[in-house]
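1. Sequence and predicted structure are below.
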Amino acid sequence: MKVLQIEDKEEYKLLGAVLVETFEEAKPLIDNESFDFFILDGNFPFNKGDPPGIIAPSVADYIRYNGVSGKIIIWTNSVRAMRFCQDNNITCYCKKSRTIEHEKKMEKHGVRKYPELKTKEQIIEIIK
């Protein structure tokens with residue numbers, strides 16, 4: 001099983017995955033290699049040196065619209081990224097426990113409560 005993970009925080013990086021931190025690094029891999037899974041953080045830099053932004057929807061669209069095979073999973077606490085997943089039938093998991101404020105924001109934006117997978121081990125179990 002081959003996994004491409006776009007993640008800019010060390011504590012969430014999966015052992016054994018092809019790891020990149022930006023879309024700039026991921027694009028040539030997406031274009032030229034095959035992956036069984038794409039694990040995307042909801043919020044990461046587009047290019048090296050950029051501040052993090054909600055990039056996962058753009059990357060997911062790029063993967064899907066270019067006919068790249070492989071399952072997309074967005075692993076995030078970004079309500080905007082979760083809404084994108086909900087609207088586009090993309091698998092999504094929360095990285096952290098939801099706070100009351102986070103749940104209110106989700107409710108305000110009509111976002112369903114996605115399962116919490118707070119550890120790398122939990123996400124690895126999902127993709128096995």
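-> Structure received.

2. tell me which residues form a beta bridge with the residue nearest to the spatial centre of the chain?
-> Closest residue to the average C-alpha location of the chain: Leu40 at 2.2 Å, with Cα atoms, centre = their mean. Assessed by DSSP bridges, Leu40 has beta-bridge partners Ile6, Ile74.

3. ok, it - contacts?
-> Applying Cβ atoms under 8 Å, 6 or more residues apart in numbering, we find Leu40 in contact with 5-6, 56, 59-60, 72-76. From N, CA and C alone the C-beta is placed, and that goes for glycine too.

4. By neighbours, which of the residues you listed wins?
-> Neighbour counts for the contacts of Leu40, by other Cβ atoms under 10 Å, peak at Ala56, which reaches 28 neighbours.

5. can you tell me how far it sits from Tyr93?
-> 12 Å (Cβ to Cβ, to the nearest Å).

6. With Leu19 instead?
-> Applying Cβ to Cβ to Leu19 and Tyr93 gives a distance of 18 Å.

7. Look at Leu19 and give its secondary structure.
-> Classification of Leu19 by DSSP: H, G, I helix; E, B strand; the rest coil places it in strand.

8. I misspoke; the intended subject was Phe38.
-> strand.

9. how about the nearest residue to it, chain neighbours excluded?
-> By the measure of Cβ to Cβ, 6 or more residues apart in numbering, the closest residue to Phe38 outside its immediate chain neighbours is Ile72, 4.8 Å from it.

10. Just the pLDDT at the one you found, thanks.
-> For Ile72, the pLDDT comes out at 95.

11. now swap in Glu103 and tell me
-> For Glu103, pLDDT reads 91.

12. quick check, distance from the host helix or strand of it to the centre of its chain.
-> Glu103 is located in helix 100-108, with elements delineated by DSSP states H and E. Relative to its parent chain, helix 100-108 has a centroid offset of 20 Å by Cα atoms, centre = their mean, to the nearest Å.
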